[in-house]
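Novice: model the structure of this input:
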Amino acid sequence: MRISALLPCAALALLLAACDAKNPNGMPDEVPAQASVQALPATVPKPDSAAARTEKAVMPADTSVAGAWLLLEGALRGHDAGVLNQLIDPEFGLWILEQPGAMPLVTRVAEVAVFRRATQNLPLFSLDKQLMTCPQLRTVPQLPEPDCDLQTRQNAGFAQSGCLSGPAITFRSLDFWPGATVKGGTAAQGKAAQGRTMRTVLQTRTGFRFHFAKSAGVGGRWRLIFIDLREPCSA
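Specialist: All right, here's what the predicted structure looks like:
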């Protein structure tokens, strides 16, 4: 009889112990403060502008130039004057260097849709038939100089082949202005634009060079500023 009388007391003690194990505060329906779920902010916080500037500063230059090149290539292949105009530097404009005869011809292009090349009066978008198809730009520390002994039907005279990206140091030092015919602007304006170029994309099949500059200011965009359509080994 004494054992059966103790059973209810033992069961009650076990129940109280279980409740204490589940909730140290002794209230089984209350969620402990340390386990509360933090609500997500209603809006995503804006990125730190200072951190963004730091990230851009350490990014390889060719990453941005490759993006600008893809826009240019797509605009030329798609005959999209709107996109191409957006790539032109609003301050310096776009300059196109050709050599239809003995002396260079340099033209400042105000509107790409109306520009005509010296070669057979072709539009600028006729370049789509001459562009190489490259999966990506290949970055080189220095762009190769042409060697006419290496010229073939698929190479304008370069030891390397493909779509090469490199510094525009050689182009900035070129002095093709004496005796050049300048249209749409002045030689002084053209020289200022030439001095701004920073990166060059070379297509070795034609020898065409596309020169890019970066807009002034923090986070400036890469702009197309010069196109050199001279063929290195043409007579």
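Novice: so who does A213 touch?
Specialist: The contact partners of A213, taken as C-beta atoms under 8 Å, 6 or more residues apart in numbering, are 89, 92, 193, 196-198, 222-223, 225. C-betas here are computed from N, CA, C, even on glycine.
Novice: can you give me the buried ones in the helix or strand containing Q189?
Specialist: Q189 is part of helix 187-196, with elements assigned from DSSP states H and E. Neighbour-count burial for helix 187-196, with 16 or more other C-beta atoms under 10 Å as criterion, is recorded at 189-190, 193-194, 196.
Novice: likewise stretch 113-124?
Specialist: Taking 16+ other C-beta under 10 Å as the basis for neighbour counts, the residues of stretch 113-124 that come out buried are 115, 117, 124.
Novice: what sits up against that stretch?
Specialist: 76, 81, 84, 96, 98, 100, 105, 107, 109, 112, 126, 229.
Novice: buried subset of these?
Specialist: 76, 81, 84, 96, 98, 105, 107, 109, 112, 229.
Novice: could the contacts of A213 go into CSV alongside pLDDT and distance to Q154?
Specialist: Listed next are those as CSV, based on pLDDT from 0 to 100; distance: C-beta to C-beta, whole Å:
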residue, pLDDT, distance to Q154
D89, 89, 32
F92, 91, 34
A193, 95, 31
R196, 94, 32
T197, 95, 27
M198, 94, 29
W222, 92, 29
R223, 94, 30
I225, 96, 28
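Novice: only alpha carbons, please: show the next helix or strand along the chain from the helix holding Q189 as PDB.
Specialist: On the C-terminal side of helix 187-196, the nearest following helix or strand under DSSP H and E is strand 199-203. Taking only C-alpha atoms (Å, rounded to 0.1, in the frame of the first residue of the first chain), the coordinates of strand 199-203 have been written out as PDB:
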ATOM      1  CA  ARG A 199      44.200  50.600 -73.700                       C
ATOM      2  CA  THR A 200      44.300  49.200 -77.200                       C
ATOM      3  CA  VAL A 201      42.500  46.300 -78.700                       C
ATOM      4  CA  LEU A 202      44.400  44.900 -81.800                       C
ATOM      5  CA  GLN A 203      42.900  42.500 -84.300                       C
END
